[in-house]
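Asker: 3D, please:
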Amino acid sequence: MNGTIFVAQAILGLAFCLIAASALAQSVPKSSSQSLPHEQPAAEINQRLQQANEKLAGVTTESETRESRIGPDDLLNISVFEAPEMNSTVRVSASGEISLQLLGAVHASGLTPKELESVLQGLLRRTYMKNPHVGVFVQELQSHPISVVGAVKMPGVFQIRGTKTVIEVLSMAQGLADDAGDTVLIMHGAEYTQPGSSNGPQPAAQEKTGEIEEIDLKKLLDSADSALNVPVRPGDIVKVPRAGIVYVVGEVQKPGGFVLQNNENISVLQALALAEGPTHTSAISRTRIIRTDPASGKRTEIPMNLGKIFSGKAPDTFLQPKDIVFVPNSAAKSILYRGSEAAVQTAAGVAIYKW
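Answerer: As a prediction, the model looks like this:
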C-alpha cells in the first residue's frame, strides 16, 4: 500500500513539474508586451475628431459665408412674388440651363442664387413687369460632390456648400474605421466653373487639379496649427488608407490578425505578445514567417527559432504588413501533455481510492 501511494505521489510530482515548465515557457513572450508600440485606437481618434469638429462648428469662415454657385442637376425653387402662377421647381440641365414660363431657357450654372435672382428680375422687367421680385432657393444640391473613400465608417459621395475642412469631411463620413491608417490623402479636383465665365469658383492657386496632398492625422489632431486642417472643395477626393495587418496563427493562445494602428513597426515577439503567447504544445523552434511579395504575389517562408529569440541568442525580427507568423504544433509535446494529464487523473484517482 505504501508503495502504491509513493508511486502515485511521484507521478503527481512529475506531472506538476511538466505543467509548471510549460506555463513558464508560455510566460516568456507575454513579458514583451511592455515594449509594444504605442497605439492610438480609431475610437480615440474619432472622439478627438468629434471634439475638434464641435470647436469648428461655432466658427464661420469666409468660404462658408459665400453662397454656393449653381451647377448641373441642382434642383431650384423659383418664386415670382407678383405672379405666383410662374412659381416653379426646376432642375438645372447638363448644359447649365433652366426652363421657365414666359422666359424660356435661362442659363443658371456658375451663378449664385442671388445672381440668378438679379438675372430673372432683369428679364421680367424688360418684358412683362415693372418692378418684379424673384426668389431663388436651392432645394437640392447635386453639383458640389466630394468623395470620401477608404477606411471610414460611411464612405460615399457627399454634397457640400462652399468648402469644408478635413476634420468636417471625416465627421461627415462618421469617423474612421477600426483599421484606418494614420494619414489622409486629398486629391484635388476642379470645382465646377461656368464655361467661358471668369465668375465661377476656381481652385486655389496652390492646389492644382489632380494634386495629391498627404496629411498626418496625429499632427492634425495634436497641433494647434489650423493650416494643417486644409480645405476640401467640391470635386475633391478624400481617402483614408487602411493600416497594415499582421497575422499570428497556429499554436498560440489567441490567433488572429492585429492592426498596426499607427503603421509602426512591430516585431515577432510583440506580435506574439498580442496573441498572448504560445500554447503548451507549440514547437517554438520551428516557427516561421510567411511573407507575400506585393508585386509578384510569391510567398516565401522565413524560419526562426523563438527559443533563441527568447533567450537573446537571436535578434527579434520586425514584421511587414500582411506577414503571417505561424507557430506549429509539437507532436511530442502533445503526447507528453496528454500523458501528464492522464497521469494526474490516474494518480489523483489512486490517492483518493486508497485514502
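Asker: Residue 185 against residue 241, yeah?
Answerer: Yes: Residue 185 is in contact with residue 241 according to CB atoms under 8 Å; the separation is 6.7 Å. C-betas here are computed from N, CA, C, even on glycine.
Asker: And the pLDDT at residue 47?
Answerer: pLDDT recorded at residue 47 is 69.
Asker: got it, and residue 262?
Answerer: Residue 262 is given a pLDDT of 57.
Asker: do the same with residue 322
Answerer: Predicted confidence (pLDDT) for residue 322: 87.
Asker: so it touches residue 246, yeah?
Answerer: Yes: using CB under 8 Å, residue 322 makes contact with residue 246 at a distance of 7.3 Å.
Asker: Strands of the stretch 201-350 of the chain, start to end?
Answerer: 212-216, 231-232, 237-240, 245-250, 256-259, 266-267, 287-292, 299-304, 318-319, 324-327 (DSSP state E, counting those that start in this stretch).
Asker: Repeat that for the stretch 51-200 of the chain.
Answerer: Counting by DSSP E, counting those that start in this stretch, the strands of the stretch 51-200 of the chain are 75-80, 88-91, 97-100, 104-107, 134-140, 145-150, 156-159, 164-165, 183-187.
Asker: sorry, back to before: quick one, which of residue 322 and residue 246 is more surrounded?
Answerer: residue 246 (23 against 14; other CB atoms under 10 Å).
Asker: residues in contact with that one?
Answerer: 257-258, 260, 266, 271, 319-325 (CB atoms under 8 Å, 6 or more residues apart in numbering).
Asker: ok, now with 10 Å
Answerer: 257-260, 266-268, 270-271, 274-275, 289, 319-325 (CB atoms under 10 Å, 6 or more residues apart in numbering).
Asker: so where is this protein shaky, pLDDT-wise?
Answerer: 1-67, 190-210, 261-264, 331-355 (pLDDT under 70).
Asker: hmm, 80 instead?
Answerer: By pLDDT under 80, the weakly predicted segments of the chain are 1-68, 162, 189-210, 223-226, 260-265, 331-355.
Asker: Domain ranges for it, per the record?
Answerer: 2-37+265-335, 42-66+151-240, 75-140 (automatic domain parsing).
Asker: got the end-to-end distance for the last one?
Answerer: Read it as domain 75-140. Domain 75-140 has an end-to-end distance of 5 Å (criterion: CA to CA, to the nearest Å).
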